[in-house]
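**Student:** A predicted structure for the sequence below; I have some questions about it.
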Amino acid sequence: MSDRDRDFAEYFGARSSGMRGTAYLLCGDWHRAEDLVQTAFVKLYRVWDKLVERDKLDGYTRQILVRTFLDETRRGFFKRETVTEDTGDHACPHNGSVEDRLVLLRALTRVPARQRAALVLRYWEDLSLEETARVMGCSEGTVKSQAARGLDNLRGLVPTLTR
């Protein structure tokens, strides 16, 4: 195994799980999250030799992941409709427990993709406004408006959690 491949394998081993969690928050589906992470790391591997600033790998990988998600969502690549008997209208639990988290995650999947990306990057990944704009490839003003709209959408989807 070459040094290049060994370095990449070490980085993948250390960071793929965290990126998978971020991908899940973006798309709301573990299988799709796996696909997004795999695609992001394939893209990263293609440019691995050209990367000079190894201390910025996490940010660069996150940027690839988010842009891959947004591109595939925009193209409708992963847009799937499933028929279930579940209407999705459930009373929200009031105990601040795992149920609250599940309700919030379900609601997050119903927020438009760019708003969801802004929310995940700002509030889950704890990126600054400037970093989020760079990752999303847009202006800071766009991040502010997307995050604000995303929060409004979430509040509308889970009103009992906002008390």
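**Tutor:** Structure's in. What do you need?
**Student:** send the alpha carbons of stretch 125-140 over as PDB?
**Tutor:** Provided in PDB are the C-alpha atoms of stretch 125-140 (Å, rounded to 0.1, in the frame of the first residue of the first chain):
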ATOM      1  CA  GLU A 125     -21.500  21.500  12.900                       C
ATOM      2  CA  ASP A 126     -21.300  24.900  14.800                       C
ATOM      3  CA  LEU A 127     -19.700  26.600  11.800                       C
ATOM      4  CA  SER A 128     -19.500  30.400  11.700                       C
ATOM      5  CA  LEU A 129     -21.600  32.400   9.200                       C
ATOM      6  CA  GLU A 130     -18.500  32.800   7.000                       C
ATOM      7  CA  GLU A 131     -17.600  29.100   7.100                       C
ATOM      8  CA  THR A 132     -21.100  28.100   6.300                       C
ATOM      9  CA  ALA A 133     -21.300  30.500   3.300                       C
ATOM     10  CA  ARG A 134     -18.000  29.000   2.000                       C
ATOM     11  CA  VAL A 135     -19.200  25.500   2.400                       C
ATOM     12  CA  MET A 136     -22.500  26.200   0.700                       C
ATOM     13  CA  GLY A 137     -21.000  28.300  -2.000                       C
ATOM     14  CA  CYS A 138     -23.200  31.400  -1.300                       C
ATOM     15  CA  SER A 139     -23.100  34.700   0.500                       C
ATOM     16  CA  GLU A 140     -23.400  35.200   4.200                       C
END
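**Student:** and that stretch, how far from the chain's centre?
**Tutor:** Centroid separation for stretch 125-140 versus its chain: 13 Å, with Cα atoms, centre = their mean, to the nearest Å.
**Student:** So for that stretch, what gets flagged as buried?
**Tutor:** E125, L127, L129, E131, T132, A133, R134, V135, M136, C138 (16 or more other Cβ atoms under 10 Å). In this view, the C-beta of every residue, glycine as well, is placed from N, C-alpha and C.
**Student:** Restricted to helices, list those residues.
**Tutor:** L129, E131, T132, A133, R134, V135, M136 (DSSP state H).
**Student:** related to what we said a few turns ago, looking at the buried residues of stretch 125-140, spot the one nearest A33.
**Tutor:** Nearest to A33, judged by Cβ to Cβ, of the buried residues of stretch 125-140 is E125 at 14.6 Å.
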